[in-house]
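In: just coords:
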C-alpha cells in the first residue's frame, strides 16, 4: 500500500445568465437556431453578468462542495486556481479565494494560466502535492469567463463559449494501485496566435480598440477580443489528440478496450464526433453533452465527470481517460480510477 491521490468530489457552477440559440438567431438573421445546435451541440450558454468574475464562479462551486459535507474549508491544505480570466493582473486570484472561502492562512494558494488542458494539468499538480506529502487535501478550482473577451459581433466564437466553474477535491488514500496517472503533456507555442486575446497584457498595451472584420466572414472584433482560427484549431486537434491517446495507452501498458470511459474536453459537437470516429470509440463509452453549458474551457472535463457520474455512465472501479487540448497550443491526457 502507498499514499495515492484520488478525485474525492467535484461540484460545478454555472452563472444564471443565459444565451440561447434562439437569441443568437434573432441577432444574426441568416442563422437558424436548429442549425447552430446541429453544428455545435449547444442549445444554451451560461453567461456571467457584468460584475460577475471567475472568482465569483469559483467561490460558488467550492461552497457547493463544502455544503455537501465531504470536506470543510479548514481541511484544505492547498488551493490551485486555473483561469485565463483572473480578477486582476495582481494580486493572485487564488489569494482572494482563500480569504472568501475562509481557508486556513497556512494554506498554499496559487493561480495557473492554462486553458482547455488546464484541468488535467491541475490534476498533475494536485497529485504531486498529495503524493509528496505536501498536502492531504487539494482544492482544484477551474473557472472561466471567456464571454468577457468575446465581441458581440463575432459569431465565430459567440456560439461556442460559455462561462462556468468547477471545484474538484483531490485527496490522499492508501492504495495498491495508482488512481490518477500516468500523464501525457504536450506544448506547441507556434499555435499561440490561433487562439488569442492580442491586447491587454504587456506585449500589446494599450489596445487600439479598432474594430476589424475577420477574413471574409460576417464576424468582427477588436484586438481586445478573443480571436480563434477555427479551421487551424480543428486541424491541430485531429493531429494531436489521437497521438496523445496512443502515448497514454503505451505509457500505462493498457489497451484501449481496457478503458471503461472517455471524457475529452467538450469543445464542440462536430469536433468531438470527428475525434470519436478517428479514435474508434463506441458512443456508449464516450461523453458528448454541451447542450446546457457550451465550451467552458478548463471546466468542461470536471463538469462532464460530475454529469457522467450522476447519469450512471461511470461507476466505482471504472478506469476513465481524460484528455484536454486547445489554446496554447497545449494538450494533456491522463487516466483516473473512480473510487
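Out: Arrived safely. Remember, predicted model here, so these are calculated numbers, not experimental data. Numbers count the residues shown, from 1 in each chain.
In: Domain map for this protein?
Out: 2-175, 180-192+228-337 (automatic domain parsing).
In: quick one: terminal-to-terminal distance for the last one?
Out: Across domain 180-192+228-337, the straight-line distance between its terminal residues is 7 Å, by Cα to Cα, to the nearest Å.
In: Now do the same contact list for the most centrally placed residue in the chain.
Out: Among the residues of the chain, the one closest to the centroid is residue 298, at 1.6 Å (Cα atoms, centre = their mean). Counting by Cβ atoms under 8 Å, 6 or more residues apart in numbering, residue 298 touches 82-84, 114-119, 122, 142-144, 324. Quick note: C-beta positions are derived from backbone N, CA and C, even for glycine.
In: and with 6 Å instead?
Out: 82, 118-119, 142 (Cβ atoms under 6 Å, 6 or more residues apart in numbering).
In: What is the nearest of the residues you listed to residue 179?
Out: residue 119 (16.1 Å; Cβ to Cβ).
In: any idea which element that closest one lies in?
Out: Residue 119 belongs to helix 118-131 when assigned by DSSP states H and E.
In: got the buried residues for that helix?
Out: 118-127, 129-131 (16 or more other Cβ atoms under 10 Å).
In: ditto for stretch 59-76
Out: 59-66, 71, 73, 75-76.
In: what's the answer for stretch 24-35, then?
Out: For stretch 24-35, by 16+ other Cβ under 10 Å, it's 24-25, 28, 31.
In: repeat for stretch 228-243
Out: 228-229, 233, 236-237, 240-241.
In: The helix or strand hosting residue 250: what's the following helix or strand?
Out: Element membership of residue 250, judged by DSSP H and E, is helix 230-252. Next helix or strand after helix 230-252 toward the C-terminus (DSSP H and E): strand 261-264.
In: so what does that following strand touch, helix or strand wise?
Out: strand 319-326 (3 or more Cβ pairs under 6 Å, 6 or more residues apart in numbering; DSSP states H and E).
In: What average pLDDT does the strand it packs on get?
Out: Averaging pLDDT along strand 319-326 gives 98.
In: now do stretch 64-71
Out: Here the average pLDDT along stretch 64-71 is 96.
In: Also stretch 309-316?
Out: On average, stretch 309-316 scores 95.
In: same thing with stretch 140-157?
Out: Here the average pLDDT along stretch 140-157 is 93.
In: What residues sit buried inside that stretch?
Out: Per 16+ other Cβ under 10 Å, stretch 140-157 contains these buried residues: 140-151, 153-157.
In: cool, stretch 293-310 as well?
Out: Within stretch 293-310, the residues that count as buried by 16+ other Cβ under 10 Å are 293-309.
In: Helices along the chain, start to end?
Out: 21-27, 33-40, 54-67, 93-100, 118-131, 155-158, 230-252, 269-279, 300-310 (DSSP state H).
In: How far off centre is the third one?
Out: This means helix 54-67. How far helix 54-67 lies from its chain's middle: 16 Å, per Cα atoms, centre = their mean, to the nearest Å.
In: Could you list every helix and strand in contact with that helix?
Out: strand 2-13, helix 93-100, strand 137-144, strand 164-175.
In: which residues touch that helix?
Out: Helix 54-67 has contacts (Cβ under 6 Å, 6+ apart) with 9, 11-13, 73, 83, 85, 87, 93, 96-97, 100-101, 141, 143, 145, 165-167.
In: Return the members of these classed as buried.
Out: 9, 11-13, 73, 83, 85, 87, 93, 96-97, 101, 141, 143, 145, 165-167.
In: ok, now which ones touch the nearest residue to residue 191 once chain neighbours are set aside?
Out: Closest residue in space to residue 191, ignoring its immediate chain neighbours: residue 329 at 3.6 Å, by Cβ to Cβ, 6 or more residues apart in numbering. Residues in contact with residue 329 (Cβ under 6 Å, 6+ apart) are 188, 191, 236.
In: Could you rerun that using 10 Å?
Out: Contacts for residue 329 (Cβ atoms under 10 Å, 6 or more residues apart in numbering) come out as 115-117, 186-192, 194-195, 232-233, 236-237, 239-240.
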